[in-house]
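[1] 3D model of this:
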Amino acid sequence: MPTIFGQAFQAAKRMRTELAFVAVLYVASYLAGWYLISIKSPMAVQTAQGVTQSVLTETPFTTIAQYLRGGQLAQAILTTFVVNLTIGAFLTTTLPGVIPLVGVAGPVGVTLIRGFVVGTVYPPILASSLGRFALGLGTMILELGAYVFSGAAGIHASLAPILPNRYGVQGRWAAFRKAWKDAVRIYIIVVTLLALGAIWEMTGILLALRPA
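    Okay, the predicted model is just below:
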């Protein structure tokens, strides 16, 4: 009997085209943000400043920061994980897949915006020190990796009623259900990556906050 990870990887294999597509969108939009911030494009600079301001003044970022300043690492990790899983992954990149065909626009749009934002914010962090480079790179790989899978799941589900034969069935409803079963299976990968990402990011930030 296949393990839950075995089922997840089988589901990922069935949506490999969508996974590649979302990954390419992330790389392209990240590079666009990186380039524009490197030439100090006003749009990119304003984007980076807006994100920084949000992190400093808005929840849940302020709540996470309070946990870290108080040495409450477990609470910071749990809050980061829950926010990333519910909002970052499910609500914004997978749930739009309930809408046939049109739902593809949700994951695609979020992916392009998120990749661009990360491209404007992370390059200065990565270049500042070896420790921040490791922290930022690890966080990007784990969290954006999770969003590649969650976005692919949303696109996979959205296309199912339109192209049922692609899913090995004749009926649109059967294809839709099959696609969502794959989405559920692949979320074991999403959950694992986001959990590791939250641990990596919050632990790294807490260590950086401690006096030398």
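
[2] so which strand or helix has the residue positioned nearest the centre of the chain?
    In the chain, the C-alpha closest to the average C-alpha coordinate belongs to residue 147, at a distance of 2.8 Å (CA atoms, centre = their mean). Counting by DSSP states H and E, the secondary-structure element that holds residue 147 is helix 145-159.

[3] Following the chain past that helix, name the next helix or strand.
    Towards the C-terminus, the helix or strand next in line after helix 145-159, according to DSSP H and E, is helix 172-209.

[4] Flag every buried residue along that following helix.
    Going by neighbour count (16 or more other CB atoms under 10 Å), the buried part of helix 172-209 is 175-180, 182-183, 185-202, 204-206. Backbone N, C-alpha and C define where each C-beta goes, glycine included.

[5] So which elements touch it?
    Secondary structure elements in contact with helix 172-209, counted by 3 or more CB pairs under 8 Å, 6 or more residues apart in numbering; DSSP states H and E, are helix 4-14, helix 61-69, helix 73-83, helix 130-139, helix 145-159.

[6] per-residue confidence averaged over the shortest one?
    Looking at helix 61-69 alone, the average pLDDT works out to 95.

[7] buried stuff in that helix?
    Within helix 61-69, the residues scored as buried using 16+ other CB under 10 Å are 61, 64, 65, 67, 68.

[8] same thing with the first one?
    By neighbour count, with 16+ other CB under 10 Å as the criterion, the buried positions of helix 4-14 are 7, 8, 9, 11, 12, 14.

[9] Tell me who's in contact with the last one.
    Think residue 14. The contact partners of residue 14, taken as CB atoms under 8 Å, 6 or more residues apart in numbering, are 156, 182.

[10] Specify which member of the buried residues of helix 4-14 is nearest to residue 122.
    residue 12 (25.7 Å; CB to CB).

[11] OK, contacts around the closest residue to that closest one other than its chain neighbours?
    Counting by CB to CB, 6 or more residues apart in numbering, the nearest residue to residue 12 once its immediate chain neighbours are dropped is residue 186, at 5.7 Å. Residues in contact with residue 186 (CB under 8 Å, 6+ apart) are 8, 11, 12, 15, 149, 150, 152, 153.

[12] Now the last one: closest residue in space, sequence neighbours ignored.
    Once flanking residues are discounted, residue 153 sits nearest to residue 183: 3.9 Å by CB to CB, 6+ apart.

[13] thinking residue 151 is in contact with residue 109, fair?
    No - taking CB atoms under 8 Å as the contact criterion, residue 151 and residue 109 are not neighbours in contact, 10.2 Å apart.

[14] More neighbours: which of those two?
    Regarding residue 151 and residue 109, a neighbour count based on other CB atoms under 10 Å identifies residue 151 as having more, with 32 against 14.

[15] Name all residues that make contact with that one.
    If a contact means CB under 8 Å, 6+ apart, then residue 151 has 18, 22, 93, 94, 107, 108, 110, 111 as its contacts.

[16] For residue 86, the count of nearby residues, please.
    Tallying neighbours of residue 86 according to other CB under 10 Å, which is how burial is gauged here, yields 12.

[17] Ignore what I typed, I meant residue 96.
    Using other CB under 10 Å, residue 96 has 22 other residues around it.

[18] Quick check: phi and psi on it?
    In terms of degrees, to the nearest 10, the main-chain angles of residue 96 are phi -60, psi -20.

[19] Many thanks, we can stop here.
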